[in-house]
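Participant: Give me a 3D structure for the following:
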Amino acid sequence: MSEARTPAQIEADIVRRREQLAVTLDEIGVRMHPKTIIGDAKARVASSVDQTAGRAFVAVNRAVTEVKGRFVAEDGTPRLERVVPVALLAIGVVGLLAVSARRRRG
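Facilitator: Residues are numbered from 1 along each chain as shown. I've put the predicted structure just below:
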């Protein structure tokens, strides 16, 4: 069985619990303060944006490397068998756009 506590022990226990409760309430007050909530939300958004930007950078870098690999040989020289047809196609598209623009104006 438990021993009977003295009034002084009970009072000391009440004081200790009251101090613990005050600390807990202070922590809750800090966590629930609007500035804390906004700061936490900003941090989550910034983290999400950083992760999204990082994934986008990796994807773009991978795509650029892949495209470069198709048009440049390992020694750094251009692969003319691939560059020339694409260049001719680009020139043709630009020419068609120019002719189309002239027809709209005139």
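
Participant: on contacts alone, who are the packing partners of the helix or strand hosting residue 86?
Facilitator: Assigned by DSSP states H and E, residue 86 belongs to helix 80-105. Helices and strands touching helix 80-105, as assessed by 3 or more Cβ pairs under 8 Å, 6 or more residues apart in numbering; DSSP states H and E, comprise helix 34-71. All C-beta spots, glycine's among them, are computed from the backbone N, C-alpha and C.

Participant: In the helix it packs on, which residues are buried?
Facilitator: In terms of neighbour count (16 or more other Cβ atoms under 10 Å), helix 34-71 has no buried residues at all.

Participant: mean confidence for that helix?
Facilitator: Mean pLDDT, computed over helix 34-71, is 93.

Participant: Now do the helix or strand encompassing residue 8: distance to the chain's middle.
Facilitator: Here residue 8, judged by DSSP H and E, is contained in helix 7-32. Centre-to-centre, helix 7-32 and its host chain are 40 Å apart (Cα atoms, centre = their mean, to the nearest Å).

Participant: Confirm residue 4 sits in a helix?
Facilitator: No - using DSSP: H, G, I helix; E, B strand; the rest coil, the assignment for residue 4 is coil, not a helix.
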